[in-house]
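In: quick one, fold the following:
(chains A and B)
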Amino acid sequence: MSQIKSVSGRAVPVRGNDIDTDRIIPARFLRCVTFEGLGEHAFEDDRAQDKSKGKVHPFDDARFAGSKVLVGNSNFGCGSSREHAPQAIYRWGVRAIVAVSYSEIFYGNTVAMGLPCVHVSVADSEAIQSLVESDPSLEVVVDLDAQEVKVGGKVFPGTVPSGPRQQFLTGSWDATSELVAGRDAVKDVAARLPYIRAFA
Amino acid sequence: MGQTLYDKVFDAHVVRKLPSGQYQLFIGLHMIHEVTSPQAFEMLRDRNLPVPHPERTVATVDHIVPTEDQSRPYKDDLAEQMMVAIEKNTKEFGIRLYQPGSGKQGVVHIVAPELGLTQPGMTVACGDSHTATHGAFGAIAFGIGTSQVRDVLATQTLSMGRLKVRRIEVNGKLGTGVYAKDVILHILRKLTAKGGVGFAYEFAGSAIEAMSMEERMTVCNMAIEGGARCGYVNPDRTTFEYLKGREFAPQGAAWDRAVAWWKSQASDADASYADVVRIRAEDIEPTVTWGISPDQAIGVAEAIPEASSFPEAERPNIEEAYEYMGVKPGQPLAGTKVDVVFIGSCTNGRISDLREAARVATLHGGKVPAGVKAFVVPGSEQVKREAEAEGLHRVFLEHGFEWRQAGCSMCLAMNPDKLSGRQISASTSNRNFKGRQGSPSGRTLLLSPAMAAVAALEGKVSDVRQILSKESQR
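Out: The predicted structure follows:
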């Protein structure tokens, strides 16, 4: 599996705290048995609503087309556990997210998918959004090794909790094979939990 | 120094520390449903992985199930495809599936507790954020995504980090017309939708201890709306009494051993917490959300809050909520006209919820007015049977409510039950996000089943205490 040490590319700002997964991918698109095709529906209702008000959602804005980094604010991805949400963002083309904080379940999903999410301060999240809004051609470098986000000559601290960081850097973010390798230890744990043997 | 239940249960289920520093955690009970599992089974097939512990996974169908005509094939081809997929996947991998008509189908978070599958001291996972519900039993229960569903199926374990524990004490006595739903909405209001990120919530205090299991489930269910991946209540006599005699609960001599072990998993009196929050039960009013996040909640008698009463960073969200909901600060919430009333969901679709809604309807005595659609969706086939045996369905029908079949229904509107246009719903579910109930511009007010029943009969948000006071005058 591939190591992920850094992600570089242009960035798309998605402003707002508490952007929930219903907004990222509305429930009607969960009626599916594969994740394919979800990318085109990312933020579908928000995009339509902006359009109806004569505004352009960043995911519809030609200046941000082809972006690889999404820049959000606090509690990004809250709400439902649907992996369809990070899958939709990934399939739209995003390969890293920069935000202040993430919901726990969303974060777990992104690690398991190989989509690194880094934490920046409130002020820095807004500063990075402003920088890319004023110049969408700026290259953003999300460096997991150095724990930095570089934008047009400016450097912001961008942290990743040590466990997921190691998983990305060593290429073990898809945990399945490592978990399978622990199968003997799994048997030991099951053997000492009284409910597994129905308290017999 | 003592330990919390969270730490005891986590430690008991750690398989090993992974090279990354994350923990490999054993999952005692895994539940799956039709929405978040099909891709996981495809991944297993792609990687040629077996399911080593099929007996520790239980499947049911809830999200896409129609609540009116359940004949197969479903009219929605995509829903039918999802049903076919879970039937095929559970059969191929040897996993138990509770189908509609089995008598045991329903919302996964209602089914597992009522069958006695959820027990204290377990780790519980499901591809659904409201798995937090099961924490009511003193289990560590959390939602996961599809790739993690794959990991649990393939290994019965997950890669996880450890959470901090915040103890939330609710002390005192809840007033008349104040329910578990009001308690959790009040907590969300105080601690915000993101205040719990990084925490497990331990709900405690005399008001929580006095709650039934069903009420505790309502509280734990919405821990996730506060950002806490799991919430729990320490197991006690109420927990054990609820479990006794249920299909998958231990029997005979095993029962006594189980109770002893369950008691040992509860937080120690001298456990230390990362944070403690105390709330007075008397301060909690019947609570209703006015905005687009579950923490945007106020007492029914209050006015929509001014943006200036929130921290500056939150104000853009508050302005967005005013605009989406079509409300203005200072405007009263009571009296807001509603178009649709939904009573059900994993938050409030249990028998005690339906009993209270029916009791309020009887006390009120009126009928759902023309132009308002009100429907009651029992959380499971078992809840439906019980309600019908007690005649609750007749009460609802007489008062103009529709009586449906079990499922998630309009909580997230993946089945035919949806809002249209800018309709406003009074809903006993858990999320008032933009577009949540099936219309991209639909609006949701979250409230208790009793408050929902009055909203249906009055056609507007009303204070249930005015109806309940009739009872005390009798």
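
In: which residues does A:Glu44 contact?
Out: For A:Glu44, the contact set (CB atoms under 8 Å, 6 or more residues apart in numbering or on different chains) comprises A:25-26, A:29. C-beta: built from backbone N, CA, C; applies to glycine.

In: and B:Thr238, how many neighbours?
Out: 17 (other CB atoms under 10 Å in any protein chain shown).

In: buried residues in stretch B:315-331, which are they?
Out: By 16 or more other CB atoms under 10 Å in any protein chain shown, the buried positions in stretch B:315-331 come out as B:317-318, B:320-322, B:324-325, B:327.

In: and if you look at stretch A:61-68?
Out: Here stretch A:61-68 shows A:61, A:64, A:67-68 as buried, counting by 16+ other CB under 10 Å.

In: quick check, nearest of those residues to B:Glu398?
Out: When those are compared for distance to B:Glu398 (CB to CB), A:Asp61 wins out at 54.3 Å.

In: against A:Ile25, how distant is the closest one?
Out: 19 Å (CB to CB, to the nearest Å).

In: rewinding a little: tell me the one of the buried residues of stretch A:61-68 nearest chain B?
Out: Chain B has its nearest neighbour among the buried residues of stretch A:61-68 in A:Asp61, at 18.9 Å by CB to the nearest CB.

In: count of neighbours near residue 53?
Out: By default, I'm working from chain A. A:Lys53 has 9 nearby residues by other CB under 10 Å.

In: not quite, go with chain B.
Out: The number of residues near B:His53, taken as other CB under 10 Å, comes to 20.

In: that one against B:Gln156, yeah?
Out: Yes. B:His53 is within contact range of B:Gln156, at 4.6 Å (criterion: CB atoms under 8 Å).

In: low-confidence bits of the chain, can you list those?
Out: Since no chain was named, I'll use chain A. Within chain A, the stretches with pLDDT under 70 are A:1.

In: please go with chain B instead
Out: B:472-474.

In: show me how it divides into domains.
Out: Listed domain ranges for chain B are B:5-265, B:287-473 (source: automatic domain parsing).

In: please, where are all the helices along the stretch 51-200 of chain B?
Out: Ranges of helices in the stretch 51-200 of chain B, per DSSP state H, counting those that start in this stretch, are B:77-93, B:108-114, B:146-155, B:180-191.

In: how far does the second one sit from its chain's centre?
Out: On the basis of CA atoms, centre = their mean, to the nearest Å, the separation between the geometric centre of helix B:108-114 and that of its chain is 10 Å.

In: what comes into contact with that helix?
Out: Taking contacts as CB under 8 Å, 6+ apart, the residues outside helix B:108-114 that touch it are B:29, B:31-33, B:58, B:60, B:62, B:98, B:104-106, B:117-118, B:124, B:126, B:128, B:130-131, B:133-134, B:136-137, B:213, B:217, B:221, B:242, B:246, B:346, B:349-350, B:379-380, B:382-383.

In: can you turn the buried part of those into a ChimeraX selection?
Out: To isolate the buried ones among the contacts of helix B:108-114 in ChimeraX, judged by 16+ other CB under 10 Å, type:
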select /B:29,31,32,33,58,60,62,98,104,105,106,117,118,124,126,128,130,131,133,134,136,137,213,217,221,242,246,346,349,350,379,380,382,383
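
In: how close does B:Ala260 get to B:Asp182?
Out: 35 Å.

In: quick one, which of the two is more surrounded?
Out: Neighbour count, other CB under 10 Å: between B:Ala260 and B:Asp182, B:Asp182 has more, with 27 against 11.

In: thought that one was touching B:Pro449?
Out: No. At 11.0 Å, B:Asp182 does not count as touching B:Pro449 under the criterion of CB under 8 Å.

In: backbone dihedrals for A:Lys154, please?
Out: The phi/psi pair for A:Lys154 (degrees, to the nearest 10) reads phi -100, psi 150.

In: and the closest residue to it other than its chain neighbours, what element?
Out: Excluding its sequence neighbours, the residue lying closest to A:Lys154 (CB to CB, 6 or more residues apart in numbering or on different chains) is A:Leu131, at 7.1 Å. Per DSSP states H and E, A:Leu131 falls inside helix A:122-134.

In: neighbouring contacts of that helix?
Out: Outside helix A:122-134, the residues touching it (CB under 8 Å, 6+ apart) are A:10-13, A:15, A:64, A:71-74, A:98-100, A:120, A:138, A:140, A:149, A:151-152, A:154, A:156-157, B:313.

In: beyond it, next helix or strand please.
Out: strand A:140-143.

In: contacts for that next one, please.
Out: With CB under 8 Å, 6+ apart, strand A:140-143 has contacts from A:5-11, A:68-69, A:71, A:96, A:98, A:116, A:118, A:128, A:132, A:148-151, A:158.

In: so who does the nearest residue to B:Ala228 once chain neighbours are set aside touch?
Out: Among residues not flanking B:Ala228 along the chain, B:Gly196 sits closest, at 3.2 Å (CB to CB, 6+ apart). Going by CB under 8 Å, 6+ apart, B:Gly196 touches B:166, B:223, B:226-229.

In: switch the cut-off to 10 Å
Out: B:Gly196 makes contacts with A:75, A:103-104, B:163-164, B:166, B:168, B:187-188, B:223-231, B:275, as judged by CB atoms under 10 Å, 6 or more residues apart in numbering or on different chains.

In: give me the distance between the two termini of stretch B:412-420.
Out: 13 Å (CA to CA, to the nearest Å).

In: quick check: A:Asp45 touching B:Pro440?
Out: Yes. Counting by CB atoms under 10 Å, A:Asp45 sits close enough to B:Pro440 to count as a contact (4.0 Å).

In: comparing the two, which residue is more hemmed in?
Out: A:Asp45 (20 against 17).

In: quick check, the more buried one in a helix?
Out: Yes. Secondary structure of A:Asp45 (DSSP: H, G, I helix; E, B strand; the rest coil): part of a helix.

In: so which of the contacts of A:Glu44 are in helices?
Out: Using DSSP state H, no member of those falls within helices.

In: return the member of the residues you listed nearest to chain B.
Out: A:Pro26 (5.5 Å).

In: can I assume A:Pro86 is in contact with A:Pro116?
Out: No. Assessed by CB under 10 Å, A:Pro86 is found out of contact with A:Pro116, at 11.1 Å.

In: out of those two, which sits in the busier spot?
Out: A:Pro86 (31 against 26).

In: what do A:Pro86 and A:Pro116 both touch?
Out: With CB under 10 Å, 6+ apart as the test, A:Pro86 and A:Pro116 both reach A:97, A:110.

In: next, count neighbours for the nearest residue to B:Pro52 once chain neighbours are set aside.
Out: Counting by CB to CB, 6+ apart, B:Gln156 is the residue found nearest to B:Pro52 once chain neighbours are left out, at 6.5 Å. Neighbour count for B:Gln156, taken as other CB under 10 Å: 27.
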